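[1] sequence unavailable; structure follows:
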C-alpha cells in the first residue's frame with residue numbers, strides 16, 4: 001500500500017497512474033498536506049478537477065474515499081453522527097419487563113429513576129450510534145481520504161463544526177465523550193468560492209487554487225483519459241475549450257465535459273474537428289441553449305483549422 005510517497009515528485013507520478021495530471025505546485029501542496037497531516041483546501045471554478053483530485057489521491061494512496069457533499073442546512077446529524085432513535089425505542093419495548101423488574105419495590109419515583117439511570121449508558125452507546133462521514137473518517141481502522149465537497153455551499157455555522165475535526169482530528173459526542181482519530185485522515189475540502197470561507201477555517205488548512213489548465217495540459221489530460229483519441233483532435237478540443245471559456249457564457253465547459261466530448265467524437269470515428277461536427281455535438285460540451293447559440297454563431301473562428 002502506498003501511504004506516504006517519499007517526495008512530491010513521487011506523489012505526482014502516483015497521481016498520474018491514477019489518471020490525474022497534477023502540476024509540480026499541486027503535487028507539492030498535496031505531499032505537504034500528507035507529511036504535515038494538515039487539511040487541504042482546494043478552491044477554483046467549477047469543473048477544474050477539485051473533486052477528482054480527492055478521487056485520485058484516494059487511488060494513488062490506496063485509501064478509502066469517504067465523501068461528504070455539502071449543502072445549505074447540513075448539520076452534525078448528517079455530517080458527524082446521530083442516534084438511532086427507532087432502534088432505541090425498539091429496545092426499550094423489548095426490555096420493558098427488565099426495567100419493571102429493576103424498579104420493583106422502589107419506594108419513590110426518585111429511587112426508581114436512580115435505579116434505571118445506569119441504562120443511559122446502554123442506550124447511548126456504540127450499539128445505537130450512527131456514524132456519518134466525518135465520524136467514519138475519524139474511527140476508520142485505516143487512513144482514509146475524507147472529501148468535504150463544496151464546503152462553501154454549507155452554512156457558515158457548519159464551519160464551526162468542522163474546526164475541531166480539522167484542527168484536532170477529534171469530535172466531541174456529549175453522551176460518549178471525545179472521539180479521537182485512530183489514523184490521521186487526509187481531509188480535502190473543495191470550494192467554488194460561492195461565499196468566502198472564514199479565516200478560522202483557512203488557518204487550519206493548506207491552500208491551493210486550481211484553474212482551468214492551459215491547452216497543452218488539457219490536451220494531455222484528454223489523451224490520458226480517452227483511449228484512442230487522435231493527438232490532433234485532442235489538441236483541437238483543448239484549444240476550442242479554452243476559447244469557449246473566454247466567452248461570456250452562463251456555464252463554462254468543465255474538463256470533464258471536454259473529456260466526454262472527446263469520447264463522443266471517438267465513438268463517431270472522428271480524427272479531426274470541423275464546424276459541422278462541432279455544431280452537431282455541442283450538446284455534449286454545453287448545457288444551456290443560450291450558450292450554444294453564442295458558440296454556434298462563432299464556430300467558424302472557434303474551430304482550429
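    Noted; the coordinates are in hand. The structure displayed is predicted, hence computed values, not measured ones.
[2] helix/strand/coil for residue 72?
    Using DSSP: H, G, I helix; E, B strand; the rest coil, the structure places residue 72 in coil.
[3] look at it and report its pLDDT.
    The model reports residue 72 with a pLDDT of 92.
[4] show me the contacts for it.
    Going by CB atoms under 8 Å, 6 or more residues apart in numbering, residue 72 touches 153-155. No exception for glycine: its C-beta is placed from N, CA and C like everyone else's.
[5] for residue 146, helix, strand, or coil?
    strand.
[6] just give me the neighbour total for it.
    Look at residue 146: counted by other CB atoms under 10 Å, it has 28 neighbours.
[7] do residue 212 as well
    By other CB under 10 Å, neighbour count at residue 212 equals 21.
[8] surely it is in a strand?
    No - going by three-state DSSP, the assignment for residue 212 is coil, not a strand.
[9] circling back to that earlier point, which among the contacts of residue 72 end up buried?
    Among those, those classed as buried by neighbour count (16 or more other CB atoms under 10 Å) are 153-154.
[10] out of the contacts of residue 72, who's nearest residue 293?
    residue 153 (29.4 Å; CB to CB).
[11] what's the burial count for the residue nearest to the closest one when sequence neighbours are not counted?
    Nearest residue to residue 153 in three dimensions, chain neighbours excluded: residue 70, at 4.7 Å (CB to CB, 6 or more residues apart in numbering). When counting by other CB under 10 Å, one arrives at 21 neighbours for residue 70.
[12] got TSV for the contacts of residue 72, with pLDDT, distance to residue 107 and secondary structure too?
    Shown next, in TSV, are the contacts of residue 72 (pLDDT from 0 to 100; distance: CB to CB, whole Å; DSSP: H, G, I helix; E, B strand; the rest coil):
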residue	pLDDT	distance to residue 107	secondary structure
153	93	57	helix
154	92	52	coil
155	90	50	coil
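[13] quick one: contacts of stretch 223-233?
    16, 19, 21, 219, 222, 234, 259, 262-263, 265-266, 270-273.
[14] put the buried members of the residues you listed into a PyMOL selection.
    In PyMOL, a selection of the buried entries from those looks like this (16+ other CB under 10 Å):
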select buried, resi 16+21+219+222+234+259+262+263+265+266+270+273
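[15] now, the contacts of stretch 223-233 that are in strands?
    Among the contacts of stretch 223-233, none falls in strands (DSSP state E).
[16] which among the contacts of stretch 223-233 gets closest to residue 82?
    Taking the contacts of stretch 223-233 together and measuring to residue 82 by CB to CB, the closest member is residue 19, at 36.1 Å.
[17] test my guess that the closest one contacts residue 53.
    No - using CB atoms under 8 Å as the test, residue 19 is too far from residue 53 to be in contact (11.5 Å).
[18] show me what contacts the residue lying closest to residue 22 once chain neighbours are set aside?
    Nearest non-adjacent residue to residue 22, counting by CB to CB, 6+ apart: residue 15, 4.9 Å away. Listed by CB under 8 Å, 6+ apart, the contact set of residue 15 reads 21-22, 27, 30, 56-57, 60.
[19] now residue 195
    152, 156.
[20] three-state assignment of it?
    Recorded secondary structure, residue 195: coil (three-state DSSP).
[21] any idea how far it is from residue 70?
    11 Å (CB to CB, to the nearest Å).
[22] what of residue 262?
    From residue 262 over to residue 70 (counting by CB to CB), the distance is 30 Å.
[23] who wins on neighbours among the contacts of residue 15?
    Top of the contacts of residue 15 by neighbour count (other CB under 10 Å): residue 30, with 28 neighbours.
[24] what's the helix or strand for it?
    Following DSSP states H and E, the helix or strand that holds residue 30 is helix 24-36.
[25] so what does the next helix or strand after that helix touch, helix or strand wise?
    Per DSSP H and E, the first helix or strand lying C-terminal to helix 24-36 is strand 40-43. With contacts taken as 3 or more CB pairs under 8 Å, 6 or more residues apart in numbering; DSSP states H and E, strand 40-43 sits against helix 24-36, helix 50-60, strand 186-191, strand 206-209.
[26] and the last one, what does it pack onto?
    Based on contacts counted as 3+ CB pairs under 8 Å, 6+ apart, the elements that strand 206-209 packs against are helix 24-36, strand 40-43.
[27] check the offset of it from the chain's centre.
    Remark: strand 206-209 is offset 15 Å from the chain centroid, using CA atoms, centre = their mean, to the nearest Å.
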